[in-house]
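Student: below are the sequence and a predicted model for it; my questions follow.
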Amino acid sequence: MAENLTSGAAGAGDKHKPQPVTIIVHNEDTGGKPIQLDGDATDTVQTFIDKLYNALRSAHKPEDRLRCGSSGVNVFSFAALTIADFQRQHCAAHEWVFAGATGGARCFRRQ
């Protein structure tokens, strides 16, 4: 019974607890398994961008593209917004598409 009281008391103060947000990024360059980025609604878009590049083990290049959902909104343009504001004002999709500076093209050596 004490556990229920503790749980109820903790729940009462959770009104301002950050909401978790998960963004799934599809990498056009590799076509491999999507990258899952986890954070809170109060995190900035830049925080999610940093997590993406950490997962890619790469640095941001000026020619890189990061688009939100089917709208194609340029995510980089809104790096200073919180993810909640970005989703509310620009693109509500929880899926992004990344393409590196090479544009996703792959080079194969002819034999």
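Tutor: Right, received. Where do you want to start? Residues are numbered from 1 along each chain as shown.
Student: helices along the protein, start to end?
Tutor: For the chain, helices defined by DSSP state H occupy the ranges 2-12, 45-56, 83-89.
Student: which of those helices has the lowest mean pLDDT?
Tutor: Sorting those by mean pLDDT places helix 2-12 lowest, at a mean of 41.
Student: could you point out the longest strand in the protein?
Tutor: strand 20-27 (DSSP state E).
Student: state the distance from Leu66 to Pro18.
Tutor: 23 Å (C-beta to C-beta, to the nearest Å). To be clear about C-beta, it is placed using only N, CA and C from the backbone, and glycine gets the same treatment.
Student: same thing with Asp40?
Tutor: Asp40 sits 4 Å away from Pro18, going by C-beta to C-beta.
Student: returning to that earlier point: quick check: buried residues in the longest strand of the chain?
Tutor: Applying a neighbour-count criterion of 16 or more other C-beta atoms under 10 Å, one finds 21, 23, 25-27 buried in strand 20-27.
Student: out of Leu66 and Pro18, which sits in the busier spot?
Tutor: More neighbours surround Leu66 than the other of Leu66 and Pro18, with 21 against 12 (other C-beta atoms under 10 Å).
Student: what's the burial count for the spatially closest residue to Asn74 that is not a sequence neighbour?
Tutor: Closest residue to Asn74 apart from its sequence neighbours, by C-beta to C-beta, 6 or more residues apart in numbering: Arg67 at 6.6 Å. For Arg67, the count of nearby residues is 20 (other C-beta under 10 Å).
Student: right, and Arg67 touches Val97 too?
Tutor: Yes. Arg67 is in contact with Val97 according to C-beta atoms under 8 Å; the separation is 4.9 Å.
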